[in-house]
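# Provide a 3D model corresponding to the input given below.
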Amino acid sequence: MADNGLPSRFAFLMHADVVGSTAMVQQDAGLAHERIQGAFRRLKEIIEDYGGAAHEVRGDALVAEFDKASDAVSAALTFQSVAPPDAGGDDSLPRLRIGIAMGEVIVADNTVTGAAAVLAQRLEQLAGDGEVVVQGAACESIPQQAPFVFESLGEHTVKGFERPVRAFVARVADGGTIPAPSRQRLLHRFPVSRRQGLLAAFVAAVLVVVGIGFTGGWPNWRSGVSTPVSEQPARPLPDRPSVAVLPLAAPGGDEQAYLADGLTEEIVGTLSRIDGLFVIARDSSFAYRGTSIGEQQVAAELGVRHLAKGSIDRAAETLEINLELLDARAGKRLVDKKRKLPWTQVLELESRLAQDIADALGVTLSEQQRARLARRDTEDPVAFDFYLRGQASFFRLTGEDNAQAREMYLRALDRDPQYAQALAALAMTYVNDVRFKWNGAGDATLAQAREVVDRALAADAELARVHLADGYVALLGHEVGKAIDASERAIALNPGLADARVLLADALTRTGEAANAVARMEEALRVNPYPPPFYQSVLGRSLYFAGRTSEASERLHRAVELDPNDLSSRVLLSAALGELGDASGSKRQARQVLTLDPGFEPGAWISRAGLDGAGRGDTLRTTLEQAGLESPGLIKSTLERVGLPSGSLELPQNESGRK
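The predicted structure is shown next:
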């Protein structure tokens with residue numbers, strides 16, 4: 001508690017400042033204000049994506065707080081990487097310096113005070129144009145495996161601080177990729193203006209706990225996150241029973257997190273196969289891990305009536321699981337079961353829990369559905385354990401983790417060669433290697449994916465994820481019709497498999513059915529309202545080819561902020577901005593396209609991306625040409641800027657893996 005009576009908390013502070021703002025204002029005050037505010041809007045969105053909160057914007061400076069140093073550094077480097085690569089002679093394009101420090105702060109009336117806030121500003125003043133400077137102590141709190149390097153600036157005597165401060169310039173390591181925002185973070189959905197009632201809400205919650213002994217709330221309250229349910233718009237309820245399965249807790253520690261997460265995912269998948277039941281997808285349920293948001297709020301935001309939550313603990317060869325099912329809208333507990341069973345019965349667990357939930361919700365199951373719930377993908381608990389370990393790595397979405405996931409799936413298949421779920425997951429590791437050019441992927445990798453998918457189809461053609469993998473392999477091989485058939489089959493088997501609807505939308509767009517594709521994306525987002533970043537790219541593409549250019553621009557902006565190397569989204573964003581009359585924005589995106597793919601040519605890219613049948617080809621080519629993407633002079637200047645030889649314009653095709 002601070003001396004003035006206001007609560008303090010530990011945080012990592014970011015201070016961002018515009019370089020040369022005075023000169024910008026002198027050149028054109030109105031344009032400078034517009035450009036600076038635009039830059040800060042982009043930075044605030046990125047801050048929120050990484051779980052931070054932007055508290056102050058003071059003219060040409062911004063202050064934000066984070067729980068983790070790695071999130072602060074990721075957000076800062078992401079912004080710097082997506083900023084315009086050069087001003088093109090226009091001094092009103094803002095560049096930022098950013099400082100990051102750690103310590104106790106007080107946040108009151110949307111103002112941040114404390115030594116950490118001051119130190120972050122001092123470190124920002126040490127940064128060069130476009131740099132991020134981090135306090136040494138904050139660097140030490142970042143995991144060693146993070147893809148960052150920190151170049152020492154030595155110790156500095158900083159005004160207002162008795163001891164010298166170690167400072168480091170943060171950069172992305174060679175060959176590294178800035179980590180994508182964690183989908184477990186929800187802070188960005190609560191604007192600062194809505195957090196001002198937090199203290200009163202917290203006091204009220206405490207009174208409820210003391211007064212009536214309520215124990216069904218969320219642990220680990222975090223100041224600044226929770227907000228009264230009445231202030232957040234509730235999604236309409238579906239016309240059938242609806243549920244979200246929140247991540248099971250793992251009291252046994254991090255070494256059991258893979259088990260808790262994997263079983264949660266299995267329960268979600270099992271429930272999703274039940275006709276007449278609406279189930280929120282894994283991504284969006286996992287977004288609430290570690291937050292202090294109450295059940296009513298979670299249910300309102302997800303648009304469901306019921307929430308399932310609990311914990312699982314493995315001790316040697318014994319499993320102990322607790323499951324609660326809540327009617328969150330009515331504030332009632334419908335199920336509260338505790339089970340203790342031998343590890344060898346883990347294969348029965350997901351179907352038992354799904355059955356408990358379905359029965360409590362009054363869902364009538366046919367004999368066929370009951371048989372489907374009781375089906376086991378494997379009879380080997382060791383193979384199942386390897387599969388769950390693989391899933392934990394797979395969802396971290398890096399090349400290294402993808403390879404680790406593949407190793408676990410292969411070990412599962414050594415135990416059970418007919419394990420269709422593991423075969424489908426193995427195929428998806430090859431798919432992701434091809435999509436993102438991980439682990440030296442090439443044509444042979446896609447052939448491996450096809451071979452594994454064929455094995456999975458032979459093992460179990462009634463498994464939705466097998467058809468999802470089949471569809472992805474087909475789409476990568478430009479077999480669009482087969483991709484549509486496979487994704488539709490996956491949806492029929494598992495209506496809650498949102499990724500199958502995204503795959504279908506992607507394929508439909510390529511056949512000229514963009515309006516239908518947008519509808520499929522809307523369905524996917526209802527099941528998975530807080531999705532992974534690639535949803536933005538697919539939806540933006542569908543909107544563009546459906547002629548909804550303004551909406552497409554918004555989604556494509558989000559896509560490139562989440563993944564600066566998303567070539568497809570940058571190409572279409574350049575086109576969309578040009579069609580909307582923003583010629584300078586279109587050209588800025590065109591420069592980024594050429595940085596990613598110096599040999600870019602619109603017609604070749606359209607064919608390579610499988611968009612020949614999408615329509616709007618003439619308009620797309622014309623707009624991209626107007627942005628300069630076929631201008632030899634612009635290509636030459638871009639080559640020189642990125643340090644490549646400019647003597648020849650005969651350049652190799654893009655090897656980034658982005659289409």
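
# Select the longest strand from the chain.
Longest strand in the chain by number of residues (criterion: DSSP state E): strand 96-108.

# starting at the chain centroid, how far to stretch 608-617?
Relative to its parent chain, stretch 608-617 has a centroid offset of 27 Å by CA atoms, centre = their mean, to the nearest Å.

# Check stretch 467-487 too.
24 Å.

# can you check stretch 422-439 too?
Once both centres are worked out by CA atoms, centre = their mean, stretch 422-439 turns out to sit 18 Å from its chain's centre.

# repeat for stretch 310-326
Stretch 310-326 sits 28 Å away from the centroid of its parent chain (CA atoms, centre = their mean).

# who's in contact with it?
Residues from elsewhere that reach stretch 310-326, judged by CB atoms under 8 Å, 6 or more residues apart in numbering: 216, 243, 248-252, 256, 259-260, 263, 295, 306-309, 332-346, 349, 353, 356-357, 360-361. Heads up, the C-betas are built off the backbone N, CA and C, glycines and all.

# Okay, strands next: where are they in the chain?
Going by DSSP E, the chain shows strands at 9-18, 53-58, 61-66, 96-108, 111-113, 132-135, 148-156, 165-172, 242-245, 278-279, 306-315, 318-327, 332-342.

# I'd like those written out as CSV, with distance to residue 513, mean pLDDT and mean neighbour count added.
As requested, the strands of the chain are arranged in CSV below (distance: least, CB to CB, whole Å; pLDDT from 0 to 100; neighbours: other CB atoms under 10 Å):
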stretch, distance to residue 513, mean pLDDT, mean neighbour count
strand 9-18, 43, 87, 24
strand 53-58, 40, 76, 19
strand 61-66, 42, 88, 24
strand 96-108, 42, 85, 23
strand 111-113, 49, 76, 16
strand 132-135, 44, 94, 28
strand 148-156, 43, 87, 15
strand 165-172, 39, 90, 20
strand 242-245, 29, 94, 26
strand 278-279, 26, 94, 26
strand 306-315, 35, 91, 22
strand 318-327, 39, 91, 19
strand 332-342, 42, 89, 13
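
# Grab the CA positions of the top helix by length along the chain and hand them over as CSV.
Criterion DSSP state H: the longest helix present in the chain is helix 29-49. Once side chains and other backbone atoms are set aside, the C-alpha atoms of helix 29-49 remain, and they are given as CSV (Å, rounded to 0.1, in the frame of the first residue of the first chain):
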residue,chain,number,x,y,z
ALA,A,29,0.6,20.7,-37.3
GLY,A,30,-2.7,19.1,-38.5
LEU,A,31,-1.0,16.3,-40.3
ALA,A,32,1.4,15.7,-37.5
HIS,A,33,-1.4,15.4,-35.0
GLU,A,34,-3.2,12.9,-37.3
ARG,A,35,-0.2,10.8,-37.9
ILE,A,36,0.9,10.7,-34.2
GLN,A,37,-2.6,9.8,-33.0
GLY,A,38,-2.7,7.1,-35.7
ALA,A,39,0.6,5.6,-34.5
PHE,A,40,-0.5,5.6,-30.9
ARG,A,41,-3.8,3.9,-31.9
ARG,A,42,-1.8,1.1,-33.5
LEU,A,43,0.5,0.9,-30.6
LYS,A,44,-2.4,0.7,-28.1
GLU,A,45,-4.0,-2.1,-30.1
ILE,A,46,-0.7,-4.1,-30.0
ILE,A,47,-0.3,-3.4,-26.3
GLU,A,48,-3.7,-4.7,-25.6
ASP,A,49,-3.1,-7.8,-27.7
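
# Which of the residues in it are classified as buried?
Under the neighbour-count criterion of 16 or more other CB atoms under 10 Å, helix 29-49 has 32-33, 35-36, 39-40, 42-49 buried.

# Might you report the residue contacts of residue 73?
Remark: with contacts taken as CB under 8 Å, 6+ apart, residue 73 is in contact with 100, 132, 134, 142, 146, 148, 170.

# Same question for residue 43.
Remark: with contacts taken as CB under 8 Å, 6+ apart, residue 43 is in contact with 16, 54, 62, 75, 79, 96.

# how near is it to residue 556?
In this structure, residue 43 lies at 18 Å from residue 556, with CB to CB, to the nearest Å as the measure.

# Check residue 457 too.
35 Å.

# Mind checking which of the two has more residues around it?
Looking at residue 457 and residue 556 with other CB atoms under 10 Å, you find the greater number of neighbours at residue 556, namely 30 against 18.

# That one reaches residue 544, doesn't it?
Yes - the pair formed by residue 556 and residue 544 meets the contact definition of CB atoms under 8 Å, at 7.3 Å.

# Mutual contacts of the two, please.
Residues within reach of residue 556 and of residue 544 at once, by CB under 8 Å, 6+ apart, are 572, 576.

# returning to that earlier point: rounded mean pLDDT for the longest helix of the chain, please.
Taken as a whole, helix 29-49 has an average pLDDT of 82.

# what angle separates that helix from strand 96-108?
Helix 29-49 and strand 96-108 meet at an angle of 70 degrees, taking axes from the mean of the first three to the mean of the last three CA atoms, to 10 degrees as the criterion.

# Please compute how far helix 29-49 lies from its chain's middle.
With CA atoms, centre = their mean as the basis, the mean position of helix 29-49 lies at 22 Å from the chain mean.

# Over to stretch 21-32?
36 Å.

# Next: stretch 419-434.
Here the centre of mass of C-alpha atoms in stretch 419-434, compared against the chain's by CA atoms, centre = their mean, lies 20 Å away.

# cool, and stretch 360-367?
So, by CA atoms, centre = their mean, the centroid of stretch 360-367 is 34 Å from its chain's centroid.

# Give me the contacts around it.
With contacts defined as CB under 8 Å, 6+ apart, stretch 360-367 is touched by 241, 243, 274, 276, 277, 306, 325, 334, 335, 358, 373.

# Let me have these in a markdown table, adding distance to residue 416 as columns.
Putting the contacts of stretch 360-367 into a markdown table (distance: CB to CB, whole Å) gives the following:
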| residue | distance to residue 416 |
| --- | --- |
| 241 | 34 |
| 243 | 30 |
| 274 | 26 |
| 276 | 32 |
| 277 | 29 |
| 306 | 34 |
| 325 | 32 |
| 334 | 36 |
| 335 | 32 |
| 358 | 27 |
| 373 | 20 |
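
# quick one: buried residues of stretch 541-552?
Residues of stretch 541-552 classed as buried by neighbour count (16+ other CB under 10 Å): 541, 542, 543, 544, 545, 546, 548, 549, 551, 552.

# hang on, I meant stretch 249-266
Within stretch 249-266, the residues scored as buried using 16+ other CB under 10 Å are 249-250, 252, 256-266.

# Mind checking which of the buried residues of stretch 541-552 are in helices?
Among those, the ones falling in helices (DSSP H) are 541, 542, 543, 544, 545, 549, 551, 552.

# Could you pull up the contacting residues of the closest residue in space to residue 270 that isn't next to it in sequence?
Leaving aside its chain neighbours, residue 270 sits nearest to residue 354 (4.1 Å; criterion: CB to CB, 6 or more residues apart in numbering). For residue 354, the residues meeting the contact criterion (CB under 8 Å, 6+ apart) are 267, 270, 271, 274, 373.

# go again using 6 Å as the cut-off
Contact analysis of residue 354 by CB atoms under 6 Å, 6 or more residues apart in numbering lists 267, 270, 271, 373.

# Let me know the pLDDT of it.
The predicted structure lists residue 354 with a pLDDT of 84.

# Can you give me the distance of it to residue 267?
For residue 354, the distance to residue 267 (CB to CB) stands at 6 Å.
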